[in-house]
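A.B. asks: have a look at this fold, sequence not included:
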């Protein structure tokens, strides 16, 4: 089929040697040879050339990401949806690591006679909104409270204590100040303790012949729901040294840690400024198109890095 220019006996001999070296395996007695984990690893590290992405497709992707909401979760979901469309594989991404996240700005506004709206904008672009009852303040007092909170909290680490008395000049607002500060503390603790994992494109699994087998399909879908396991694989793969000049990492077969050993993950870090803040990638059968997946993941990671960096420095 590929016009290799050699006789079939030569091919059989070469394949036998590759099997002996561990680059090919035979799934069962009556099956032909398929690449082993070691074979795929050699391919992506030594032989694969990332598939070029057309300039017009790259431009469309960047426009689509830039047109997404400035809300962080919406940006990540949009990026995952686009990555799935490019690869026809489920896409996964982590929210930014909260370790270096800072509060960028706090807004306070009266919502009703006895309620205020609290909005917390983080340096990652993530926004938390809270409606607090039992707080009655005027518009001018709400602005005063917001200014005092911003003076105390902006650019501080989330792990820094978010408590204390109101500044002397707003002692008359000490109760609403304390309540707002407590709510901000609860919001930041939730952010640091519950970093979400985003998964999009699960429906694409039906397009892959491996998953015509109900047992394999069930195992793959179950693994997609094991968020802690996926997060661990993402974290471990990005902690390894890249085998190529590109930032993309590969977790292949048994490296995933699943009993079947029939899945792979292609992932890359995204950054805000010069700091690694999270990861994005695709997850699918070991027989995936690594060249296309590698290029798509690298493009999406870079596009998201550029967008989130601009978002973090925007006034």
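C.D. replies: Structure received. Because the structure is predicted, anything quoted here is derived from the model rather than measured. Residues are numbered from 1 along each chain as shown.

A.B. asks: only C-alpha atoms for contact and neighbour calcs from this point on.
C.D. replies: Fine.

A.B. asks: per-residue confidence at residue 147?
C.D. replies: Per-residue confidence (pLDDT) for residue 147: 93.

A.B. asks: surely it is in a helix?
C.D. replies: Yes - according to DSSP: H, G, I helix; E, B strand; the rest coil, residue 147 belongs to a helix.

A.B. asks: what is the strand or helix carrying residue 144 packed up against?
C.D. replies: Using DSSP states H and E, residue 144 sits in helix 139-153. Counting contacts by 3 or more C-alpha pairs under 8 Å, 6 or more residues apart in numbering; DSSP states H and E, helix 139-153 packs against strand 103-112, helix 174-193.

A.B. asks: switch the cut-off to 6 Å
C.D. replies: strand 103-112 (3 or more C-alpha pairs under 6 Å, 6 or more residues apart in numbering; DSSP states H and E).

A.B. asks: partners of the next helix or strand after the strand it packs on, with directions?
C.D. replies: Sequence order places strand 115-122 as the next helix or strand after strand 103-112, per DSSP H and E. The strands beside strand 115-122 in its sheet (DSSP bridges) come out as strand 103-112 (antiparallel), strand 127-133 (antiparallel).

A.B. asks: quick one: average pLDDT of strand 115-122?
C.D. replies: Averaging pLDDT along strand 115-122 yields 90.

A.B. asks: going forward can the numbers begin at 271, since that is how I track them
C.D. replies: Shifting the count to begin at 271 puts that one at strand 385-392.

A.B. asks: so how far is that strand off the chain centroid?
C.D. replies: Centroid separation between strand 385-392 and its chain, computed with C-alpha atoms, centre = their mean, to the nearest Å, is 26 Å.

A.B. asks: go on, stretch 571-585?
C.D. replies: 14 Å.

A.B. asks: with stretch 293-308 instead?
C.D. replies: The mean C-alpha position of stretch 293-308 is separated from the chain mean by 32 Å, C-alpha atoms, centre = their mean.

A.B. asks: buried residues in that stretch, which are they?
C.D. replies: 293, 294, 295, 303, 304, 305, 306, 307 (16 or more other C-alpha atoms under 10 Å).
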